[in-house]
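>>> generate coordinates for the sequence data below:
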Amino acid sequence: MFKRMPPLVLASALSFGALAATPVLMAAPAVADDVQKEVSADQAFPFLSKFLALPIAERDEITVAYLLKIKNGSARDGSIILKHNGQSQKLSILGDGRITPLPTLAQLRGGKIVLTGPKDMSVAMKVRIYATETPAKTMPAAPLIKAVDQSGRVLKKIAGALFALAPKPDRVYFVGAGNARVVMADGSQKILPRSAVADAYPAGTPYFVPSEYQGAVSFTFDNVPSRIGIDDRAK
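A predicted model of the protein is given here:
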């Protein structure tokens, strides 16, 4: 999905190599061969403040994750520091690129992000939507169907006019689940299809499209999913 516009339409390109990549970045004095750049927290995490400002009841089945794709370097080569109210907090970059913890609403509205890294390193930030339901070998369908519905409603609210241009999230991806089956209201079971290509998720990831399985009751998996993503179809 890094090759196309992700569900939140959203991407923030933070390039250490070229200020033109994002005008809001400001150069700071270099340390050795590293370069520091600063941007407002709200700019660094686009649309996150709008998401967090929504009533919890409108987003209780979904959460957002911000992932970095780094070129000409690795997560070990750089750092991300959140500055707010005179305090500094280092944000971690997990193995899959996720940034944690994400800033709070208050930190987004008044904080700054300081990025440090080699001058040739470039960083692209992408957004993923995940279901909040705890992964298990057997899962009810209703919360995940609701998660897909919430994703569309939330994106429409926070993206505004851009929503018309964005892919619409219409399915659930069960990463690492192996074979997956959906149990229907009449007790029958159907094997879920798998993604044909590697995109936002690995090739072979089983997925569920609610509109294609009316009356879905639950899911069973060979393995507990490592994460459950809400997305559109793989390209």
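
>>> tell me the bridge partners for Ser218.
Pro140, Val183 (DSSP bridges).

>>> check contacts around it.
Thr138, Met139, Pro140, Ala141, Val182, Val183 (CB atoms under 8 Å, 6 or more residues apart in numbering). Backbone N, C-alpha and C define where each C-beta goes, glycine included.

>>> can you pick the most crowded of these?
Using other CB atoms under 10 Å as the neighbour criterion, Met139 leads the contacts of Ser218 with 23 neighbours.

>>> my guess is it meets Ile145, correct?
No: Met139 sits out of contact with Ile145 when judged by CB atoms under 8 Å, with a separation of 11.3 Å.

>>> what touches both of the two?
By CB under 8 Å, 6+ apart, no residue touches both Met139 and Ile145.

>>> how close does the residue lying closest to Phe219 once chain neighbours are set aside sit to Asp96?
Among residues not flanking Phe219 along the chain, Met139 sits closest, at 4.9 Å (CB to CB, 6 or more residues apart in numbering). Per CB to CB, to the nearest Å, Met139 is found 21 Å from Asp96.

>>> now do the buried residues in stretch 93-102.
By 16 or more other CB atoms under 10 Å, the buried positions in stretch 93-102 come out as Ile93, Gly97, Arg98, Ile99, Leu102.

>>> return the item of those residues having minimum pLDDT.
Among the buried residues of stretch 93-102, Gly97 carries the lowest pLDDT, at 86.

>>> now do the same contact list for it.
Contacts here follow CB under 8 Å, 6+ apart; on that basis Gly97 touches Leu67, Leu68, Lys69, Ile70, Ala75.

>>> 7 Å - rerun?
Leu67, Leu68, Lys69 (CB atoms under 7 Å, 6 or more residues apart in numbering).

>>> do I have it right that the first one meets Ala124?
No: with contact defined as CB atoms under 7 Å, Leu67 does not reach Ala124; the gap is 9.1 Å.
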